[in-house]
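K.L.:
A predicted structure for the sequence below; I have some questions about it.
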Amino acid sequence: MWLMTITVGLVTLVLVTWLRDYVKRWRMPPGPFFWPIIGNLFLFGGQPFFTFIELTKRYGDVFSLKLGMTDVVVLNSLDTVREALVKKSVDFAGRPKTLTADVFTEGGKDIAFTDYSPTWKLHRKLFHSATRGFASGKNLQSNVHESLEETIAEFSKMEGRVVDLEEYIYNLVYNVICSAAFGVRYNMDDEEFNTLIKLTKDTNEVFGQGLLADVYPLLRPLPTPTIYTGKKLAEQFLGILGRHLEHHRETFDPSNLRDITDHMIKAQKDAEEEGIYDVTSLTDCHLRQTIADVFFGGTDTTIIVIRWAILFLAAHPEIQEKVAAELDSAVGRDRLPELSDRETTPYMEAAIHEVMRMGSIAPLSIPRATTVDTTLRGYQIPKGTWIMPNLWALHHDPATWGDPDVFRPERFLDENGMPVPKPAALMPFSAGRRACPGEAVAKADTFLLLGGLVQSFRFTIPEGEGPPDFSPDERGGSNFSLPSPYKVVMTCRK
Ligand code: HEM
């Protein structure tokens, strides 16, 4: 009898919640039918940025879905993204509160996954000034050059062979990020280097697609093996970062800021001296979390950009030749490209824009959440609704780009080969209050790495292979648009 009562009670609760959600939906953007409990879960599988484009045909450029029992609003056009992220930037500046984020951010002490709050604002401000300072300083360039020289030597040994460069690019970029974050450049066989790489890859594997408890918060108290593994991974990773932070504090010299950690310590000290901040939000735990953001925000993204770039250039030899010829005339062949060369290499910059547009590395950005009850296009959006900007849709909209599936850097240049103002619809780093604060570092790294590689090698598709497939690999899921595994042949240009 009691089993029957519990079952009837639960079914009634589920139906009442479902009906209440349906009533709430009347004033929200339209969307497809959703089931009790699972909602539209199946529409989020695979590569949902494609599914969402299909859904715009029926529901328009802004629509509502249910991810389990969580409300999600998807933005599929420049207009809706700008209205939400730029015009109503505070209303849309939150992040969903998820168990995945809590496990890795020691309860929300980082920047990327923390909700909109005074502490987030403070840390973001410090991070922004630290990364800007680092991106314009001389250390970034010399760090990249050192790592690049090693990789160029290694690539030279593989001249003429058919190779998959994924692992090499991963190690190259990871090393560049390590030296940006805490000034250490590792040998490829260094134990700590390989531990860091393994921890990052394991973390992405275990948590890449999030936990069920993220969309069913009632499951949060359940101690699952995945959460246990995640906590262990986070502990080990943060332990290494913590030791580097400690060493930086002991050896800190304000007249020689070596890396982002030093820039952060300096920004922290300045903030303390100004005395206007709550020092309880300036702990080493926060700082360690910020450094972790550099890893999780900067590695995969930059690796994917370089991998897309090599694939697009190998598949378009005439464009690769133009990039190389411009580097030859602006830089020559006796030194690696430097940041000051960016001003005299507009074609290279245009090619990087085009890689970021066609590749759309973070196709759904990082989900936002509304901080208050708000409106969009006259529809109501309740506080706490998850917001997904479909950057892939913006970057592949035929109405904006004409021929979105063609790799054509010229679209960012005028008839004299000079840069045109950056189109508003190009936003690989998103927009508004939470737009990527690592943009300056990412652009500097990409220019130096790609410039050095194209200056040194000609990349070609192996003989006998047809044109490569540019559709993103399914392994990237909803988080990343990454190229499918591919091989190239390298010929030395020097
Ligand atoms: C090509 C490389 C990169 C791409 C395409 C990229 C893209 C993005 C995107 C789309 C977001 C979400 C912004 C939003 O919610 O509106 C983001 C956030 C973020 N990125 Fe990047 N990123 C890149 C490189 C980097 C690098 C190198 C760093 C660190 C040095 C970094 C650190 C962060 C952080 C900390 C956030 C969270 C910002 C916040 O929540 O306030 N990113 N990035």
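P.N.:
Yes, it's here.
K.L.:
next, count neighbours for the closest residue to residue 106 other than its chain neighbours.
P.N.:
Distances taken as C-beta to C-beta, 6 or more residues apart in numbering place residue 285 nearest to residue 106, at 5.8 Å, with adjacent residues excluded. C-beta here means a position set from N, CA and C on the backbone, and glycine is covered the same way. Residue 285 has 16 neighbouring residues, counting by other C-beta atoms under 10 Å.
K.L.:
so what's residue 285 scoring on pLDDT?
P.N.:
If you check residue 285, the pLDDT there is 89.
K.L.:
and it, its phi and psi?
P.N.:
Recorded main-chain torsions at residue 285 are phi -60, psi -40, according to degrees, to the nearest 10.
K.L.:
can you list the residues of this protein near the ligand?
P.N.:
Proximity of the chain to the ligand, by C-beta under 6 Å from any ligand atom, involves residues 111-112, 124, 131, 293-294, 297-298, 301-302, 305, 361-362, 365-366, 368, 428-430, 434-438, 441-442.
K.L.:
looking at these, which are in helices?
P.N.:
Mapping the residues of the chain next to the ligand onto helices (DSSP state H) picks out 124, 131, 293, 294, 297, 298, 301, 302, 305, 441, 442.
K.L.:
right, and residue 364 touches residue 393 too?
P.N.:
No. Residue 364 is beyond contact range of residue 393, at 9.5 Å (criterion: C-beta atoms under 8 Å).
K.L.:
just for the stretch 201-350 of the chain, where's the confidence low?
P.N.:
209, 276-279 (pLDDT under 70).
K.L.:
for the ligand, what's its nearest residue on this protein.
P.N.:
residue 438 (2.1 Å; C-beta to the nearest ligand atom).
K.L.:
contact partners for that residue?
P.N.:
Residue 438 makes contact with 131, 294, 297, 298, 429 under the criterion C-beta atoms under 8 Å, 6 or more residues apart in numbering.
K.L.:
okay, the first one and residue 438: tell me how far apart.
P.N.:
Remark: distance between residue 131 and residue 438 (C-beta to C-beta, to the nearest Å) = 6 Å.
K.L.:
give the other helices and strands that the strand or helix carrying residue 179 contacts.
P.N.:
Using DSSP states H and E, residue 179 sits in helix 166-182. Judged by 3 or more C-beta pairs under 8 Å, 6 or more residues apart in numbering; DSSP states H and E, helix 166-182 is in contact with helix 138-156, helix 191-207, helix 225-251, helix 260-274, helix 284-315, helix 439-456.
K.L.:
let me see the mean pLDDT of it.
P.N.:
Helix 166-182 carries an average pLDDT of 92.
K.L.:
how far off centre is that helix?
P.N.:
Helix 166-182 has its C-alpha centroid displaced from the chain centroid by 15 Å (C-alpha atoms, centre = their mean, to the nearest Å).
K.L.:
hmm, who's touching that helix?
P.N.:
Around helix 166-182, the neighbours that count as contacts under C-beta under 8 Å, 6+ apart are 134, 140, 143-144, 146-148, 151, 154-155, 184-186, 188, 193, 196-197, 200, 241, 244-245, 248, 259-261, 291, 294-295, 298-299, 302-303, 306-307, 310, 441, 445, 449, 485.
K.L.:
make JSON lines from the contacts of residue 438 and add neighbour count to it.
P.N.:
Shown next, in JSON lines, are the contacts of residue 438 (neighbours: other C-beta atoms under 10 Å):
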{"residue": "131", "neighbour count": "27"}
{"residue": "294", "neighbour count": "26"}
{"residue": "297", "neighbour count": "23"}
{"residue": "298", "neighbour count": "23"}
{"residue": "429", "neighbour count": "19"}
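K.L.:
in the residues you listed, find the pair that's most separated.
P.N.:
Of all pairs drawn from the contacts of residue 438, the greatest distance, 14.8 Å, lies between 294 and 429 (C-beta to C-beta).
K.L.:
before we move on, back to that, of the residues of the chain next to the ligand, just the buried ones, ChimeraX syntax please.
P.N.:
In ChimeraX, this line selects whichever of those come out buried by 16 or more other C-beta atoms under 10 Å:
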select :111,112,124,131,293,294,297,298,301,302,305,361,362,365,366,368,428,429,430,434,436,437,438,441,442
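K.L.:
burial check on residue 310, number of neighbours?
P.N.:
By other C-beta under 10 Å, the residues close to residue 310 number 24.
K.L.:
for it, give me its contacts.
P.N.:
With contact set as C-beta under 8 Å, 6+ apart, residue 310 has these partners: 165, 169, 453, 459, 488.
K.L.:
can you do 7 Å?
P.N.:
Residues in contact with residue 310 (C-beta atoms under 7 Å, 6 or more residues apart in numbering) are 165, 459, 488.
K.L.:
and if you look at residue 490?
P.N.:
Neighbour list for residue 490: 155, 158, 159, 457, 459 [criterion: C-beta under 7 Å, 6+ apart].
K.L.:
next one: residue 431
P.N.:
Shown in contact with residue 431 (C-beta under 7 Å, 6+ apart): 81, 85, 86.
K.L.:
if you rank those residues by neighbours, which is first?
P.N.:
residue 81 (27 neighbours).
K.L.:
so that residue is in contact with residue 74, correct?
P.N.:
No. Applying C-beta atoms under 7 Å, one finds residue 81 not in contact with residue 74, separated by 10.5 Å.
K.L.:
and the helices in the stretch 1-150 of the chain?
P.N.:
2-25, 48-59, 78-81, 99-104, 118-136, 138-156 (DSSP state H, counting those that start in this stretch).
K.L.:
need those in TSV (columns: distance to residue 208).
P.N.:
What follows is those, written out as TSV (distance: least, C-beta to C-beta, whole Å):
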stretch	distance to residue 208
helix 2-25	28
helix 48-59	14
helix 78-81	24
helix 99-104	9
helix 118-136	23
helix 138-156	26
